[in-house]
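Q: Structure for this input, please:
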Amino acid sequence: MLKKPEILKKVYFIIFDLVFCFFKLNKKNNDLTTKKMVIWLAETGSRDFIPRFAQAISLWNEYKIPSLLIHKHYLRKLGKRILSNSIVIDKSATISCIRRLRYSKLKGSFNMVIPEELLICDRSERLIKGSLHPSTLKYVDAVVSDSNEIKQHLKIANKSVKTFPLLNPRLSLDLIEKNCKLIEIPINKNKNSSKLKYILINDKLSLKFSSYDDEIDLIKNNIFKSTDVNAKKYVDNFIRQEEIEEKLLIALIKNIRKEKIFDGLKIIIRPHPAVNLKKYKSYFKSKLNSTLNYSIIRKGTVVEWMQSATLIFHSNCTSAIEGYFKGIKNIYNFSSEYREGTSAQFMEILNPLGIEASILKAKENYSKKQHISQENNSNFKSHNKKSVYEFLGLSMGSRDLKFNFEDFLDDQFKYEKITEFSASDRWKDAEERINFLKKNKFKDFEIKTLGSIGVQIGMGKN
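A: Just a heads-up that it's a prediction; the model follows:
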């Protein structure tokens, strides 16, 4: 039950939002051409940090536009001088995001959202309504998407929100390879040894092993609040689907081990980045016999592991799209059906085969020694979209190169560190890379670290 101060606070913000939006104050400062820098928000280790790092590096190198790449919890510690000059790029617009996006908009930022939850499911009406919540959209200026379903949702929820048909940073694989080698190779060189021959299974089970203890309640009571989505039914279906996928995962591993052709290959299971790794490992230790010769590893990026894998299995996982954009061919979807609302442009790539057919196809290709082949997929429709950094570089207009970060910014965050367990567990891989940057100076890159919570890229001119 909510306490009185919480109720009063809730009522205050309801009234505030009504008044603020009635006078259309939330639509002020919505011209991105007047902004001088970009703030990239991240949350989940290498999945968020590395793609945004790559974008920020090129944005500075090619257009001399500086960036902050920080954990999303620290946006509200930035002042008006920075935010009023900034484009803030968030990874979601759920109801949980409203406080930080409201704060940045009040300080004068242009707010853009790249909805990560919708990357391969941009036709799911329920997921769209939760990921782009009508209340949060009041403080959003633009959404990165070209989905007709998302556009239709925005027309109803908030028709003033623009859409930009840009390439999700996670799919800018060439840019990531170009700009992130300095923070990828030194950390993971021992893990990707060519001596290790393995089958990689990218798992997307998340809810049962979530690092948030109350995630089920959060979805039921918050994510779909004030929408027409039946939250309880959504969660029940989600849990039921994960139970099916868990059984499929276990069956896949056991069936792989029935094939003698794979005897020399270790099985590496890579869990979803949002799970509690200890909880996940403990659970599957009770479900999988050690004689199955498997390990559970989440170190590094998914693409790093995919590039070195002999064979790759997944169950409608976004990693399959990332692998395709990297030109990796040895990828097999062991699910028997598509996820709800799967994006039409990715259906051919995902191609669910089921356990039996996916193992059969993997065997055929492995026996033909086709498991290491790669190809150029640059002609794929989505691959030819403009990168986010290119769009920003061309759109932000004339820039005052004398603009600089506040001198005390690195001092302000010098000792900052994510300490809350669920957040730190998700952020761990990003923190390792930030600390690596802190210890090693790269003369070709203008980078400052901000404690363990982010980096500052590009300094402007004094």
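Q: Just the strands from this protein, written as ranges.
A: Across the chain, reading from the start of the chain, the strands by DSSP state E fall at 37-42, 67-71, 86-90, 110-113, 142-144, 162-164, 198-202, 266-270, 294-296, 311-314, 331-333, 447-450, 454-457.
Q: Of those, which is nearest residue 324?
A: Between residue 324 and these, the tightest spacing by C-beta to C-beta is seen for strand 331-333, at 7.1 Å. Any C-beta I mention is one placed from the backbone N, CA and C, and that applies to glycine too.
Q: For the closest one, list every residue counted as buried.
A: With burial defined by 16 or more other C-beta atoms under 10 Å, the residues of strand 331-333 counted as buried are 331, 332, 333.
Q: what is the last one paired to in the beta sheet?
A: Just to be clear, that refers to residue 333. Bridge pairing for residue 333 (DSSP bridges) gives the partners residue 314, residue 352.
Q: got a pLDDT number for it?
A: Predicted confidence (pLDDT) at residue 333: the value is 98.
Q: Once you drop chain neighbours, what's closest to residue 128?
A: Leaving aside its sequence neighbours, residue 128 sits nearest to residue 153 (C-beta to C-beta, 6 or more residues apart in numbering; 5.0 Å).
Q: Residue 296: neighbour count?
A: Close neighbours of residue 296, defined as other C-beta atoms under 10 Å, add up to 17.
Q: sorry, back to before: with distance to residue 233 as extra columns, can I get the strands of the chain in a markdown table?
A: Output for the strands of the chain, formatted as a markdown table (distance: least, C-beta to C-beta, whole Å):
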| stretch | distance to residue 233 |
| --- | --- |
| strand 37-42 | 31 |
| strand 67-71 | 33 |
| strand 86-90 | 28 |
| strand 110-113 | 26 |
| strand 142-144 | 26 |
| strand 162-164 | 29 |
| strand 198-202 | 28 |
| strand 266-270 | 30 |
| strand 294-296 | 32 |
| strand 311-314 | 27 |
| strand 331-333 | 26 |
| strand 447-450 | 42 |
| strand 454-457 | 38 |
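Q: what residue ranges in the stretch 351-462 of the chain score low on pLDDT?
A: Judged by pLDDT under 70, the stretch 351-462 of the chain has its weakly predicted residues at 370-383, 397-408, 443-444, 459-462.
Q: Which parts of it are helices?
A: Ranges of helices in the stretch 351-462 of the chain, per DSSP state H, counting those that start in this stretch, are 355-367, 388-395, 409-412, 421-439.
Q: of all the buried residues of strand 331-333, which comes closest to residue 52?
A: Distance ranking of those against residue 52, using C-beta to C-beta, places residue 331 first at 24.4 Å.
Q: Look up the closest residue to the closest one, ignoring the ones flanking it.
A: Nearest residue to residue 331 in three dimensions, chain neighbours excluded: residue 312, at 4.6 Å (C-beta to C-beta, 6+ apart).
Q: my guess is that neighbour contacts residue 252, does it?
A: No. Because the distance of 12.0 Å does not satisfy C-beta atoms under 8 Å, residue 312 is recorded as not touching residue 252.
Q: So for the two, which sits in the more crowded spot?
A: residue 312 (28 against 23).
Q: so how far is residue 332 from that one?
A: 7 Å (C-beta to C-beta, to the nearest Å).
Q: Model confidence score at the residue sitting nearest the centre point of the chain, please.
A: Residue closest to the average C-alpha location in the chain (C-alpha atoms, centre = their mean): residue 48, at 4.5 Å. For residue 48, the pLDDT comes out at 93.
Q: residues contacting it?
A: With C-beta atoms under 8 Å, 6 or more residues apart in numbering as the criterion, the residues that contact residue 48 are 42, 91, 116, 430.
Q: circling back to that earlier point, I'd guessed the residue nearest to residue 128 sits against residue 132; true?
A: Yes. With contact defined as C-beta under 8 Å, residue 153 counts as touching residue 132 (6.2 Å).
Q: Of those two, which one has the most company?
A: Here residue 153 and residue 132 are set side by side on neighbour count (other C-beta under 10 Å), and the busier one is residue 132, at 25 against 21.
Q: Wait, that one touches residue 93, no?
A: Yes. Between residue 132 and residue 93 there is a contact at 4.9 Å, judged by C-beta under 8 Å.
Q: Which neighbours do these two have in common?
A: Residues touching both residue 132 and residue 93 comprise 113, 115, 140, 143, with contact defined as C-beta under 8 Å, 6+ apart.
Q: wait, which of those residues is closest to residue 256?
A: Where these are concerned, and distances follow C-beta to C-beta, residue 256 has its nearest neighbour in residue 115, at 34.1 Å.
Q: wait, what's in contact with the closest one?
A: Neighbouring residues of residue 115 by C-beta under 8 Å, 6+ apart: 91, 92, 93, 131, 132, 143, 144, 145, 150.
Q: Show me what the longest helix anywhere in the chain packs onto, helices and strands only.
A: Ranked by residue count and defined by DSSP state H, the top helix of the chain is helix 231-256. Applying 3 or more C-beta pairs under 8 Å, 6 or more residues apart in numbering; DSSP states H and E, one finds that helix 231-256 contacts strand 198-202, strand 266-270, helix 355-367.
Q: which of the ones you listed is buried the deepest?
A: strand 198-202 (a mean of 24; mean count of other C-beta atoms under 10 Å).
Q: Kindly reformat the helices and strands packed on helix 231-256 as CSV and extend each row with distance to residue 209.
A: Putting the helices and strands packed on helix 231-256 into CSV (distance: least, C-beta to C-beta, whole Å) gives the following:
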stretch, distance to residue 209
strand 198-202, 15
strand 266-270, 12
helix 355-367, 22
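Q: Which of the ones you listed sits closest to residue 423?
A: When the helices and strands packed on helix 231-256 are ranked by proximity to residue 423, the top entry is strand 266-270, at 20.8 Å, counting by C-beta to C-beta.
Q: where does the stretch 101-250 of the chain have low pLDDT?
A: Counting by pLDDT under 70, the ranges of the stretch 101-250 of the chain that qualify are 184-194.
Q: Apply 80 and report the result again.
A: Under the criterion pLDDT under 80, the flagged ranges of the stretch 101-250 of the chain are 182-195, 213-214.
Q: And the helices in it?
A: Secondary structure of the stretch 101-250 of the chain (DSSP H, counting those that start in this stretch): helices located at 125-131, 134-137, 148-157, 173-188, 215-218, 231-256.
Q: Against the centre of the protein, work out the most remote residue.
A: Of all residues in the chain, residue 260 sits farthest from the chain's C-alpha centroid, using C-alpha atoms, centre = their mean; the distance is 36.9 Å.
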